[in-house]
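Chemist: Here is my input, please return the structure:
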Amino acid sequence: MNFYINAGRGNDLLIYACTSGYPVEFQDVCLLEINKLKEKYIDSIGGIGFSGHHLGIAVDIAAITLGASWIERHFTMDRTWKGTDHAASLEPEGLRKLSRDMKNVDLALTYKPKDILDVEEVQRKKIKVVSKQLVCIIPARGGSKGIKNKNLEKINGKSLIARSIEVYKNSKYIDEVYVSSDSKKNLGRGRTIWS
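Modeler: Numbers count the residues shown, from 1 in each chain. The predicted model follows:
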């Protein structure tokens, strides 16, 4: 590798993360090796790839999301044929699915170019606004299985109901705050705090 890099030909090299086994169990694939290779070599070579000898195609998709720019898989017409690597190879349908999924994942690996995409605008127009006012209803039961009138109990000088009302009253997103209770005591305390 140094020979190519020193000769100014590092961009002609690809390094593949690979576990050589046929087939490789998922716990032995060690996909995070891609990150190690990127950290160590990405500025000196043409790219990082992943060579998979595992079953299925999910691991290849994960390799792309980790930054592998090249995927190498073995191909066979029949995975039941004798030979070292047929079992870990892809048959034609598997190769088609892998190609399709890699293209789709490549399209999806991006950031939003703007806060609301055109496809989202269409959906936003379909949403009917019921009200432009946001209301908060604080449930404050009078009875409790554990502590009677717990909403009125003071902790560090404030009751639970007072803290709740204060938080919602000071919120820039809440237009109105209501207290709902089966206790006149809780409702009375709510009115006092609110006013």
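
Chemist: can you give me the strands in the protein?
Modeler: 14-18, 47-52, 70-73, 135-139, 154-155, 158-159, 176-180 (DSSP state E).

Chemist: I'd like the distance from stretch 56-70 to the chain centre, please.
Modeler: Mean-position distance between stretch 56-70 and its chain equals 16 Å (Cα atoms, centre = their mean, to the nearest Å).

Chemist: Now do the contacts for Leu31.
Modeler: Leu31 is in contact with 17, 50, 59, 62-63, 66, counting by Cβ atoms under 8 Å, 6 or more residues apart in numbering. All C-beta atoms are positioned from the backbone trio N, CA, C, and that covers glycine.

Chemist: and the angle for the longest helix anywhere in the chain with strand 47-52?
Modeler: Longest helix in the chain, counting residues (DSSP state H): helix 92-108. For helix 92-108 against strand 47-52, the angle by axes from the mean of the first three to the mean of the last three Cα atoms, to 10 degrees is 150 degrees.

Chemist: Check which helices and strands helix 92-108 sits against.
Modeler: When contacts are defined as 3 or more Cβ pairs under 8 Å, 6 or more residues apart in numbering; DSSP states H and E, helix 92-108 sits against helix 58-65, strand 70-73.

Chemist: List the strands paired with the shortest one, with their directions.
Modeler: Pointing back at strand 70-73 there. strand 47-52 (parallel) (DSSP bridges).

Chemist: and Gly8, which of the helices and strands packed on helix 92-108 is closest to it?
Modeler: Closest approach to Gly8 among the helices and strands packed on helix 92-108 (Cβ to Cβ): strand 70-73, 21.3 Å.

Chemist: Could I get the average pLDDT for that closest one?
Modeler: Mean pLDDT, strand 70-73: 95.

Chemist: cool, stretch 164-174 as well?
Modeler: 83.

Chemist: For it, which residues meet the burial criterion?
Modeler: 164-165, 168 (16 or more other Cβ atoms under 10 Å).

Chemist: okay, these in a markdown table with distance to Tyr111 next?
Modeler: Shown next, in a markdown table, are these (distance: Cβ to Cβ, whole Å):
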| residue | distance to Tyr111 |
| --- | --- |
| Ser164 | 38 |
| Ile165 | 40 |
| Tyr168 | 35 |
